[in-house]
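**Student:** Please work out how this folds:
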Amino acid sequence: MERIGPYQVMGEIGRGGMGVVLRGLDPAIGRPVAIKVILLQGFSDPEERELLRARLYREAQAAGVLNHPGIVTVYYVGEEGETAFIAMEYVGGATLEKALIAQPPPSQEVLCRVLRQTAAALDYAHGKGVIHRDIKPANIMLDEKGDVKICDFGIAKGLVGQASLTRTGTSLGSPFYMSPEQIRGDPVDGSTDQYSLGVVAYQILTGQRPFQADTIQTLFFRIMSTPPSPAHEVNPALSPEVNQVLQKALAKEPAARYASCSEFVETLLEKLAGVGSASPAPGRPPTSQTSRASQRWVVAGVGVLLALAGAVGYIVWPKHAVPPQHTIEGPPQHTIKEDAGQKPPALPLPVVERFTVEPGTIALGKSATLSWSVKNAVEVRIEPGIGVVGAAGTRSVAPKLGTTYKLFAKGPNGSTDQPSVVSLTVEKPLAPVIEDFSASPLTIQSGRAAMLRWRVRNATEVSIPGIGPVRPQSSQPVFPTQSRTYVLEAKGAGGSVSRSAAVTVTIPAGAPPNIVAFSGDPVTIKAGEAAVLRWQVTNASNVRIDHGIGGVDASGVLRVLPETTTTYKLFASNNRGTFNRLVKIKVTK
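**Tutor:** Prediction:
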């Protein structure tokens, strides 16, 4: 391949599983360019080819609206036959990732400039409504002067399920640097880039990433659910104030982070200014995520923080599919040999490792938990009512009716197999049951008591009109002045029921009403205090107390709160006449 579009191909810069980056030249003006190429003929699925084409154009459109010295300029995007490509500014220096392991490491002055320039470029992009979503050292280029150039806008998401984090050809969007809202599939804003910036800040200062795991599911769970270890405990040379800045940038909720990347960077540099030259904790060996060279970087230059993290080069396409490639002129070790008979390896199929609901049966108003884990999928969706989710997670659900939930896992080739299914049963609420409601004895003489007894289940409210709310199982004496039917009412989620119990009251023939007792206790109170009225009456068909109290049973107790000195009068009557008695409650100031 000697030319692509209007550009002359000069050699190869790097490659990935879905494409290659070439070094090119614009012959019209003699300007060097970098050309990112996707070879569409290697993908037989039209939908997959269109997805890759759309990604390339999205990157060009996102970067095309940005005009900033810290962002790689896009010159051209187009197609030539079955090849889609994007031409951009050629940056002759190394990536930040390579600078991290270089010897000697960059000076503190360079690091401060990189940090501030990166934050400023990101804030500019955010102001234009563009979110990078894949900030990492591979996407931060440094030109010959050491100035920042951010690249790879628009290519930020890839496989959401991957068996191992050490597998080559990581997906678009590095899992170690993804924010919790990215994993959940929530809308993102500039604070997502700030989170990625905070991840690398933590990594550079401590010698390890804030979250580590052997599988993507475990990593995502930790990012969304657990706080990172305090940085000053991992590296005792750091101050608690530095840790506080990092913890805020790594907050689980976007609203809890800094207002901008620049605010985060300036605050961090301010707190680091008093730290001086720090080093990792004594005896800490390099982790699998941090090379010995990067450990030396921490020793030499952790007085400032590089606010970006990731992998290498202009391009990080996953290597799970390698389309046929054309020969590119350049050094022999970079030559791609054309093999017309070669077929790309089969793309991995989605694997649903777990999809469960616990418990499988709930009562109305209660909740259950969906739990899932999927690998090798570009999209995971749960229906009904949930939508796109991360590759692993849990979700609380509380349907009003029995529901069958379906998990759809979309593979890299765009296909979706039959969904995994779990069913949740919602039990209909049980109706209240009154097992007993009775009066004993059923017939009483006026002034005597009958005992009401009841027992109720499956009820949230139980009451007896005239008595008020009662417990589901209890008993209570009553002193009706005349024959009366008591009603027990029980209400619950499953409905309401009631039952009645009648008490017959007899009065001796010709007997006048008899007020056995009517008293107040105490008879003298202070304003705002209460007194208690007590009474007992026989042979009366009607008993009442004035001052707004009204009809009462033949025997009872009542709490009163008179504001001034009050004389209460009790009236007892039947067909022989009406009798009364007075009780005076004196109220003092």
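**Student:** Grab the most central residue of this protein for me.
**Tutor:** Taking C-alpha atoms, centre = their mean, the centroid of the chain lies closest to residue 184, which sits 7.0 Å from it.
**Student:** pretty sure residue 20 is in a strand, no?
**Tutor:** Yes: counting by DSSP: H, G, I helix; E, B strand; the rest coil, residue 20 is found in a strand.
**Student:** ok, the closest residue to residue 184 other than its chain neighbours - contacts?
**Tutor:** What sits nearest to residue 184 in space, not counting adjacent residues and going by C-beta to C-beta, 6 or more residues apart in numbering, is residue 390, at 5.8 Å. Quick note: C-beta positions are derived from backbone N, CA and C, even for glycine. Residue 390 makes contact with 160, 183, 184, 185, 220, 224, 380, according to C-beta atoms under 8 Å, 6 or more residues apart in numbering.
**Student:** Which one (most neighbours) among the residues you listed?
**Tutor:** Greatest neighbour count in the contacts of residue 390, by other C-beta atoms under 10 Å, goes to residue 160: 29 neighbours.
**Student:** Next one, pLDDT for the closest residue in space to residue 427 that isn't next to it in sequence please.
**Tutor:** Nearest non-adjacent residue to residue 427, counting by C-beta to C-beta, 6+ apart: residue 363, 5.3 Å away. Looking at residue 363, its pLDDT is 87.
**Student:** residue contacts, residue 363?
**Tutor:** 426, 427, 429, 493.
**Student:** I'd like the list of the residues you listed that fall within strands, please.
**Tutor:** Per DSSP state E, strands hold the following members of these: 426, 427.
**Student:** Give me the buried subset of the contacts of residue 363.
**Tutor:** Buried members of those, counted by 16 or more other C-beta atoms under 10 Å: residue 426.
**Student:** Okay, domains of the protein per the record?
**Tutor:** Per automatic domain parsing, the structural domains of the chain span 3-90, 96-301, 362-425, 433-506, 514-588.
**Student:** and the ones you listed, which one is worst for confidence?
**Tutor:** Between the domains of the chain, the lowest average pLDDT goes to domain 96-301, which shows a mean of 76.
**Student:** How far does that one sit from its chain's centre?
**Tutor:** Relative to its chain's centre, domain 96-301 lies at 22 Å (C-alpha atoms, centre = their mean, to the nearest Å).
**Student:** Run through the helices of the chain in chain order.
**Tutor:** Ranges of helices in the chain, per DSSP state H, are 46-64, 96-100, 108-127, 180-184, 190-206, 216-225, 231-234, 240-249, 261-272, 292-301.
**Student:** Can you convert those helices into a markdown table and add a column each for distance to residue 520?
**Tutor:** Output for these, formatted as a markdown table (distance: least, C-beta to C-beta, whole Å):
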| stretch | distance to residue 520 |
| --- | --- |
| helix 46-64 | 85 |
| helix 96-100 | 88 |
| helix 108-127 | 76 |
| helix 180-184 | 67 |
| helix 190-206 | 69 |
| helix 216-225 | 64 |
| helix 231-234 | 70 |
| helix 240-249 | 66 |
| helix 261-272 | 71 |
| helix 292-301 | 84 |
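**Student:** out of those helices, which comes closest to residue 25?
**Tutor:** Residue 25 sits nearest to helix 46-64 of all the helices of the chain, at 19.5 Å, using C-beta to C-beta.
**Student:** For the contacts of residue 390, work out which two are farthest apart.
**Tutor:** Across the contacts of residue 390 (C-beta to C-beta), the longest gap, 14.5 Å, separates 224 and 380.
**Student:** Now do the phi/psi pair for the residue nearest to residue 184.
**Tutor:** phi -70, psi 170 (degrees, to the nearest 10).
**Student:** Please apply the same query to residue 553.
**Tutor:** phi -70, psi 170.
**Student:** how about it, what does it touch?
**Tutor:** When contacts are counted by C-beta under 8 Å, 6+ apart, residue 553 touches 478, 479, 480, 481, 543.
**Student:** Mind checking which of these are in strands?
**Tutor:** 478, 543.
**Student:** Can you lay out the contacts of residue 553 as JSON lines showing distance to residue 448 and neighbour count?
**Tutor:** As requested, the contacts of residue 553 are exported to JSON lines (distance: C-beta to C-beta, whole Å; neighbours: other C-beta atoms under 10 Å):
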{"residue": "478", "distance to residue 448": "10", "neighbour count": "21"}
{"residue": "479", "distance to residue 448": "7", "neighbour count": "22"}
{"residue": "480", "distance to residue 448": "10", "neighbour count": "22"}
{"residue": "481", "distance to residue 448": "11", "neighbour count": "26"}
{"residue": "543", "distance to residue 448": "14", "neighbour count": "26"}
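**Student:** Please consider this matter closed, and thank you.
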